[in-house]
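Participant: Below is the sequence, then the predicted model.
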Amino acid sequence: MVYITSKGKINLPNYKGGTTIDKSIMYQYVISPSCNIIVEYFPKNLAPNLITAIGLFCNFLGLFSVFYFIGFNENVGGNKPTLEDDSSVRWVYLFAGMMIFIYMMMDNIDGKQARRTKTSSPLGELFDHGCDSLCTGLLPLIVGISMGIRSWEILIAFMAATIPFYLAHWEEYFTHHLVLGALNGPTEAECMAILFCFLTGIFGQWIWFIKIDFSILTFDYIQYTGQLNEIIFFAMAIISFVTAFQNILTSTKKAIDMKISLFTAYSQPLPFIIFFCSEFIWLKLSPSLFLKYPIIHILSLTFIFSYVVCRCIVQRICQEDFRLFYKPLIFLIGCVLNTAAKVYLNIEILDEQVSVLLLFAISLGFMFHFTYSIIQEMCLVLKINAFTIPSPSSIKKSN
């Protein structure tokens, strides 16, 4: 399978690079200046993509640690910590928070290292955003398990995070600018995730199960009681929806300015809409299936989501037309139809548990194949190395 068309191979070397506009105060005054200092200690022969990969590995390591030592909170009602006494494993929360911190710093250092070593490339941009798309699923899992959030709420947080992430790249397709607001995922959400893990490591998981009572004044008082962890996660989900609405407005305005029909513009998020709706229908049909394999389920969705986002980025970088469907979605839809046949027709085409495991294997396979193939294709077209920086002597010899 070839991921870059003949047209894309012609356009790729002429790509000037997208512009990321980060309006975050935290980024501008703390993270970016810190990374400017830290990057000077990195050897100049360390490839930026390798820095990005190290950061992604740290997030996978953080997820493994919390899942292995803590596990999901499936207590009835979700009103108790996963572990009654977690004093012996609080180091796990601190370790997970440190892994997210390393990822966040590496995610900011890689671009600075690329400019420092003059190795900026379209592949680096794709690799950076691709790793970020994977972390859209990893971070809710790490933080949710650390805070004792039930698997349902983690899934809601993940799905809510995918909306503004995809729409931001949809917006970039028109504007050629990735605009991150004053409150955004790559900065504030990651800082909050680190803070939550560290607080859990210091005080224990019980602090997130404190009951909070407050009233909302409308025509009458509306009383609400909720756990601190649930309130925080749902508040972050609301912020995601607000950010997504802003992306839609900006993209619509830019499409009108570019005299692109709104039908064409709004058809471009179709792969994500199919992804989102298929997942919603599947959960509606068989919620017990998700509860049995929550981490495999969410990771499968993460791989499919990342694949769709990365294909979108490749099309933007190579100035290709948006595609309206991708092959991994076939298998997600197949799982939905398999469950629907069992629920409505009492026909079991394939055991549901097997379908979940099969979807995980297939989605992971697609992601591996895409990653390997696109790196090979881009390196061949751009005549660059992905994870090494050639020495000056070797460059002279090749010239």
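Facilitator: Alright, I've got the coordinates.
Participant: Name the helix or strand for the residue most central in space within the chain, please.
Facilitator: Nearest to the mean C-alpha position of the chain, by CA atoms, centre = their mean, lies residue 136 at 2.1 Å. Using DSSP states H and E, residue 136 sits in helix 122-146.
Participant: Against which helices or strands is the helix or strand that that helix is followed by packed?
Facilitator: Moving toward the C-terminus from helix 122-146, the next helix or strand (DSSP H and E) is helix 151-175. Judged by 3 or more CB pairs under 8 Å, 6 or more residues apart in numbering; DSSP states H and E, helix 151-175 is in contact with helix 122-146, strand 177-180, helix 228-257, helix 270-285, helix 287-292, helix 294-317. Glycine gets a C-beta too; all of them are placed from N, C-alpha and C.
Participant: highest average neighbour count across these?
Facilitator: With neighbours taken as mean count of other CB atoms under 10 Å, the helices and strands packed on helix 151-175 reach their highest mean count in helix 122-146, at a mean of 25.
Participant: Endpoint to endpoint, stretch 257-276 covers what distance?
Facilitator: End-to-end distance for stretch 257-276: 29 Å, by CA to CA, to the nearest Å.
Participant: That stretch: how far from the chain's middle?
Facilitator: Computed by CA atoms, centre = their mean, to the nearest Å, the chain-centroid distance of stretch 257-276 equals 21 Å.
Participant: for the record, mean pLDDT for it?
Facilitator: Averaged across stretch 257-276, the pLDDT comes to 86.
Participant: do stretch 297-317 as well
Facilitator: 96.
Participant: rewinding a little: out of the helices and strands packed on helix 151-175, flag the one nearest residue 163.
Facilitator: Across these, residue 163 has its closest neighbour in helix 228-257 (4.4 Å, CB to CB).
Participant: Who are the packing partners of the very next helix or strand once past that closest one?
Facilitator: Per DSSP H and E, the first helix or strand lying C-terminal to helix 228-257 is helix 262-267. The elements that helix 262-267 packs onto, with contact taken as 3+ CB pairs under 8 Å, 6+ apart, are helix 228-257.
Participant: what angle separates the helix it packs on from helix 151-175?
Facilitator: 20 degrees (axes from the mean of the first three to the mean of the last three CA atoms, to 10 degrees).
Participant: Tell me how far helix 228-257 lies from the chain's centre.
Facilitator: Centroid separation between helix 228-257 and its chain, computed with CA atoms, centre = their mean, is 15 Å.
Participant: Could you do stretch 196-207 as well?
Facilitator: Per CA atoms, centre = their mean, the centroid offset for stretch 196-207 relative to its chain is 24 Å.
Participant: what comes up buried for it?
Facilitator: Neighbour counts over stretch 196-207 (16 or more other CB atoms under 10 Å) mark 196-201, 204-205, 207 as buried.
Participant: Now do the contacts for residue 332.
Facilitator: By CB atoms under 8 Å, 6 or more residues apart in numbering, the contact list for residue 332 reads 275, 278-279, 282, 304, 359.
Participant: just for the stretch 51-200 of the chain, where's the confidence low?
Facilitator: Across the stretch 51-200 of the chain, the ranges flagged by pLDDT under 70 are 74-79, 179-185.
Participant: how many neighbours does residue 357 have?
Facilitator: 14 (other CB atoms under 10 Å).
Participant: er, residue 85 actually
Facilitator: Neighbours of residue 85 (other CB under 10 Å): 10.
Participant: which ones are touching it?
Facilitator: Not one residue lies near residue 85 by CB under 8 Å, 6+ apart.
Participant: Against residue 382, how distant is it?
Facilitator: 55 Å (CB to CB, to the nearest Å).
Participant: same check, this time on residue 315
Facilitator: The value you get for residue 315 to residue 382, if CB to CB is used, is 17 Å.
Participant: And residue 232, by the same measure?
Facilitator: Residue 232 is 43 Å from residue 382, by CB to CB.
Participant: quick one, strands of the stretch 1-150 of the chain?
Facilitator: Listed in chain order, the strands of the stretch 1-150 of the chain (DSSP state E, counting those that start in this stretch) span 19-22.
Participant: any idea where the helices of it begin and end?
Facilitator: Assigned helices in the stretch 1-150 of the chain, in chain order: 6-11, 25-26, 32-38, 48-69, 90-117, 122-146 (criterion: DSSP state H, counting those that start in this stretch).
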